[in-house]
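S.K.: Need a 3D model of the sequence below.
(chains A, B, C and D)
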Protein chains: 2
Amino acid sequence: MAVTIKDIAKRTGLGLATISRYLNGGNVRPQNLAAIEEAIQELNYSRNNFAHGLKTRRSSVIGVVLPEIRNALFMEVITEMEYVLKKQGYAILISDCHNNKQKEMESVDFLLSKSVDGIVSFPLSRSGRHLAAALERNVPVLLVDRAIKQLSGKVDAVVIDNRRIACEAVRHLIGRGHRRIGIITSSRGEYTADERVRGYLDALDEAGIEPDPGLIIRKSFDLESGLEGYRKLLGKSGGVTAIFATSHNITMGVLMAAGADGKRVPRDISIVGFDAMDWLRIVNPPLTIVEQPMAQIGRLAAEILLRRLVGGGGEDARQTVILPAKLNFGASVRRLRP
Amino acid sequence: MAVTIKDIAKRTGLGLATISRYLNGGNVRPQNLAAIEEAIQELNYSRNNFAHGLKTRRSSVIGVVLPEIRNALFMEVITEMEYVLKKQGYAILISDCHNNKQKEMESVDFLLSKSVDGIVSFPLSRSGRHLAAALERNVPVLLVDRAIKQLSGKVDAVVIDNRRIACEAVRHLIGRGHRRIGIITSSRGEYTADERVRGYLDALDEAGIEPDPGLIIRKSFDLESGLEGYRKLLGKSGGVTAIFATSHNITMGVLMAAGADGKRVPRDISIVGFDAMDWLRIVNPPLTIVEQPMAQIGRLAAEILLRRLVGGGGEDARQTVILPAKLNFGASVRRLRP
DNA sequence: ATCAGAAACGGAAACGTTTCCAGTAGTGGT
DNA sequence: ACCACTACTGGAAACGTTTCCGTTTCTGAT
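M.R.: Down below sits the predicted model:
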């Protein structure tokens, strides 16, 4: 039914091999070239993807595993990634693991069963075990957002400099006279959370402030943690004058809790948030917030992966690229008098 | 290198056909069944996707074309869709057309070139021309969010009852004593915008209010339209006491503009928004807002598409499912004294 | 035991490419 | 006009499945 290379061969009187060579950019005599192009046009030929893959063992499809599709941050990365990959003929297959490690592992298997040429993972698992099947089959893997120590040398990764930007954020608070600064973040062992806490401690240390373990709230990166973290911090004896919210959802939670609490920002409480999204343009006052270079992460991820794919499987060493994030100054941090 | 059906045949002493039959759920003698399973386990066999597709001409992959990945509304739909499809072994390939009709058409070709079994389109093009190639090849198409008249009978669609919910929203405003009600929406010819305007007019008509064309601002569904629409409406002689913002971004824009204008909601201006997202839980007062059943749309879309796919290409007539949306009552609409 | 009918089986031919390799047609130097 | 050389060409064999169809094996009724 569908038109094949054979039909083109028949119509042009050429051999299969010649048509195939033409399709793959080989050299063909000018008159034949014209004939082939005419036939392809006329018969509306398009290459059969399955047969092509069967021979070449390449699908030009990249699999993406992520904790949840409905997370605008990730999608920002993927937008750019898709853009770069598509230009090179690669499509992306998305698998949502609904924040579930078991499903994360299944997702990788699922993508492999669809014969993806590479996998991009926004990892949930801290061990990276979910990627074992991919590595076994020599399918290149690239981590985004979180690095995994056990996998270093085996996979590429693109992350931001969490520690430095966290330090910078807290330094800003200290510079404005804050001493009792709370941080709300995810649990111990979570790469980005750990790094951000280290940055927080760096800044305190720099300023000679003794850290109060009670001001470090470690739960998870979700909205509830923001709500609960806020309540815990404000309930402390001595309280806090500022909060560093280390994720988009935590930031949202803290703002909600403060609003419900009748506290005004920055008059009653200063806030530095994380991950600026569109809606933040509405809140008043504008938030001082850490902004991650999502598009750049996506572009870089795509480029690195492409290099692996055309490079024939990776001669040069796997790399972890650390990108700088940026602190956007709003008006959510009050200057305290000394 | 990779282990094939042949290896399984060799190890078990059975024929290729038997193995294949086993893999496809055919009947196999118990002892052979055990042997095959053991061999598959032992050799870690997995079916070659390309060869399988070459014979069956099915990829178990669905293509999704959408105006932009970074639109949380769409992703809400896709989350559910992906969930349902994955359970049946289908993966989804995403193509972002960046709000560009040319790219939308290319996206369809691109997806077809990856041999998807079906296409879900959140259409941009009003004519549906971009789907011609898919229909030609008998690839089932399903429209989400917007129906396309020219395609009715040829494709399935899942949309919400825009007209009715818009009417309900405006009726609510009228019930609270509002007479000068502005609506901000996308340009003429845009399916959802047209429907929502019709609903708006229905409600005015019901109440015997003469519509003022100056209060119908038609631009696009983006944030800028919200900003600009707000300014236009407030600048009118007579002004407006309420605004119906007919998209998520317009809602955001109106809120921004009102905030910048120093107007308080609902004291100075009443607002009914569209598309409740997480961040709206933060804004104060809570918004009265139209909520679309995104998850339900996604689930239904997936189910309908699956029916087409297993049904062997569609005996029963193509359908357009119209889902009800819901008006959530917040505190952004003031009751005016008569 | 026998036999018909059903159930399971295996060989072989597809599916539409790519690629190896031997062969043929062109090139330019003498 | 010849030769050596290069540039193209086409036949045929893969790639790993599924499926048709003619055979073999099993089942249970006699």
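S.K.: for DNA strand C, what are the nearby residues on the stretch 1-150 of chain A?
M.R.: Within the stretch 1-150 of chain A, the positions lying close to DNA strand C (Cβ under 7 Å from any atom of the strand) are A:1-2, A:4-6, A:16-17, A:19-21, A:23-24, A:45, A:47-48, A:50-52, A:54-56. Heads up, the C-betas are built off the backbone N, CA and C, glycines and all.
S.K.: Can you turn the buried subset of those into a selection I can paste into ChimeraX?
M.R.: ChimeraX command restricting these to the buried ones, with burial defined by 16 or more other Cβ atoms under 10 Å in any protein chain shown:
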select /A:4,5,19,20,21,23,45,48,50,52,54
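S.K.: Tell me who's in contact with the residue nearest to A:Leu111 when sequence neighbours are not counted.
M.R.: Spatial nearest neighbour of A:Leu111, excluding adjacent residues (Cβ to Cβ, 6 or more residues apart in numbering or on different chains): A:Gly63 at 3.2 Å. A:Gly63 sits next to A:Ile92, A:Leu93, A:Ile94, A:Ser95, A:Val108, A:Leu111, A:Leu112, A:Lys114, A:Val116, A:Gly118, A:Ile119, A:Val120 when contact means Cβ atoms under 8 Å, 6 or more residues apart in numbering or on different chains.
S.K.: now the first one: how far from DNA strand C?
M.R.: A:Ile92 sits 22 Å away from DNA strand C, taking Cβ to the nearest atom of the strand, to the nearest Å as the criterion.
S.K.: what do you get for the third one?
M.R.: Note on A:Ile94: its distance to DNA strand C, by Cβ to the nearest atom of the strand, is 26 Å.
S.K.: Isn't A:Arg47 up against A:Ser20?
M.R.: No - using Cβ atoms under 8 Å, A:Arg47 makes no contact with A:Ser20, being 9.5 Å away.
S.K.: joint contacts of the two?
M.R.: Shared contacts of A:Arg47 and A:Ser20, defined by Cβ under 8 Å, 6+ apart, comprise A:Ile5.
S.K.: low-scoring stretches of chain A, by residue?
M.R.: Within chain A, the ranges that satisfy pLDDT under 70 run A:1, A:311-315, A:338.
S.K.: Let me know whether the helix or strand hosting A:Glu106 sits next to DNA strand D.
M.R.: Assessed by DSSP states H and E, A:Glu106 sits inside helix A:101-113. No - Helix A:101-113 is not in contact with DNA strand D by Cβ under 7 Å from any atom of the strand; minimum separation 11.1 Å.
S.K.: same question, stretch A:51-67
M.R.: Yes - interface with DNA strand D: stretch A:51-67 contributes A:Ala51, A:Leu54, A:Lys55 (Cβ under 7 Å from any atom of the strand).
S.K.: which non-adjacent residue is nearest A:Arg299?
M.R.: Leaving out its chain neighbours, the residue that sits closest to A:Arg299 by Cβ to Cβ, 6+ apart is A:Glu80, at 5.0 Å.
S.K.: now A:Leu336
M.R.: Nearest one to A:Leu336, counting by Cβ to Cβ, 6+ apart, is A:Gly177 at 3.3 Å.
S.K.: Would you mind measuring from that neighbour to chain B?
M.R.: For A:Gly177, the distance to chain B (Cβ to the nearest Cβ, to the nearest Å) stands at 27 Å.
S.K.: Secondary structure class of that residue, three-state.
M.R.: State at A:Gly177, reduced to three classes by DSSP: H, G, I helix; E, B strand; the rest coil: coil.
S.K.: Summarise which helices and strands the helix or strand hosting A:Met256 is packed against.
M.R.: Per DSSP H and E: A:Met256 is located in helix A:248-260. Helix A:248-260 is packed against strand A:181-186, helix A:223-235, strand A:242-245, strand A:270-274, with contacts defined by 3 or more Cβ pairs under 8 Å, 6 or more residues apart in numbering or on different chains; DSSP states H and E.
S.K.: Just name the most buried of the ones you listed.
M.R.: Stretch with highest mean neighbour count among the helices and strands packed on helix A:248-260: strand A:242-245 (a mean of 30; mean count of other Cβ atoms under 10 Å in any protein chain shown).
S.K.: ranges for the strands of chain A?
M.R.: Taking DSSP state E as the criterion, chain A contains strands spanning A:61-66, A:91-96, A:118-121, A:141-144, A:156-160, A:181-186, A:216-219, A:242-245, A:270-274, A:288-291, A:320-323, A:326-328.
S.K.: Out of those strands, flag the one nearest B:Pro293.
M.R.: strand A:91-96 (19.0 Å; Cβ to Cβ).
S.K.: roughly how far out does that closest one sit from the chain middle?
M.R.: Mean C-alpha position of strand A:91-96 versus that of the full chain (Cα atoms, centre = their mean, to the nearest Å) differs by 13 Å.
S.K.: contacts for it?
M.R.: Counting by Cβ under 8 Å, 6+ apart, strand A:91-96 makes contact with A:60-69, A:78, A:81-82, A:85, A:107, A:110-111, A:114, A:116, A:120, B:61, B:78-79, B:82-83, B:86, B:91-95, B:110-111, B:114, all of which sit outside it.
S.K.: can you put the helices and strands packed on helix A:248-260 in TSV and add distance to chain B?
M.R.: Listed next are those as TSV, based on distance: least, Cβ to the nearest Cβ, whole Å:
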stretch	distance to chain B
strand A:181-186	16
helix A:223-235	7
strand A:242-245	13
strand A:270-274	12
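S.K.: quick one on the thing from earlier: which of the contacts of A:Gly63 tops the neighbour count?
M.R.: In terms of neighbours by other Cβ atoms under 10 Å in any protein chain shown, these top out with A:Val120 at 29 neighbours.
S.K.: thought that residue was touching A:Val139?
M.R.: No - counting by Cβ under 8 Å, A:Val120 stays clear of A:Val139, with 11.1 Å between them.
S.K.: shared neighbours of the two, anything?
M.R.: Common neighbours of A:Val120 and A:Val139 (criterion: Cβ under 8 Å, 6+ apart): none identified.
S.K.: what's the burial count for the residue in chain A that DNA strand D sits nearest to?
M.R.: DNA strand D sits closest to A:Gly15 of chain A, with a gap of 2.4 Å, by Cβ to the nearest atom of the strand. By other Cβ under 10 Å, 10 other residues sit near A:Gly15.
S.K.: hang on, the earlier thing: isn't the residue nearest to A:Leu336 right up against A:Val333?
M.R.: No - assessed by Cβ under 8 Å, A:Gly177 is found out of contact with A:Val333, at 9.7 Å.
S.K.: Which one's more surrounded, these two?
M.R.: With neighbours defined as other Cβ under 10 Å, A:Gly177 and A:Val333 compare such that A:Val333 has more, 25 against 15.
S.K.: can you put the helices and strands packed on helix A:248-260 in TSV and add distance to B:Ala193?
M.R.: Listed next are those as TSV, based on distance: least, Cβ to Cβ, whole Å:
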stretch	distance to B:Ala193
strand A:181-186	41
helix A:223-235	32
strand A:242-245	37
strand A:270-274	34
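S.K.: how about the ones you listed, which one is nearest A:Leu300?
M.R.: A:Leu300 sits nearest to strand A:270-274 of all the helices and strands packed on helix A:248-260, at 20.3 Å, using Cβ to Cβ.
S.K.: can you list contacts of that closest one?
M.R.: For strand A:270-274, contacts defined as Cβ under 8 Å, 6+ apart pick out A:169-170, A:172-173, A:176, A:178, A:241-248, A:250-251, A:254-255, A:258, A:265, A:280, A:287-290, A:327, A:332-334.
S.K.: From the structure, what's the count of residues near the closest residue to DNA strand C within the stretch 151-300 of chain A?
M.R.: Residue nearest to DNA strand C within the stretch 151-300 of chain A: A:Asp156 (25.7 Å; Cβ to the nearest atom of the strand). A:Asp156 has 25 neighbours, counted by other Cβ under 10 Å.
S.K.: Cool, thanks, signing off.
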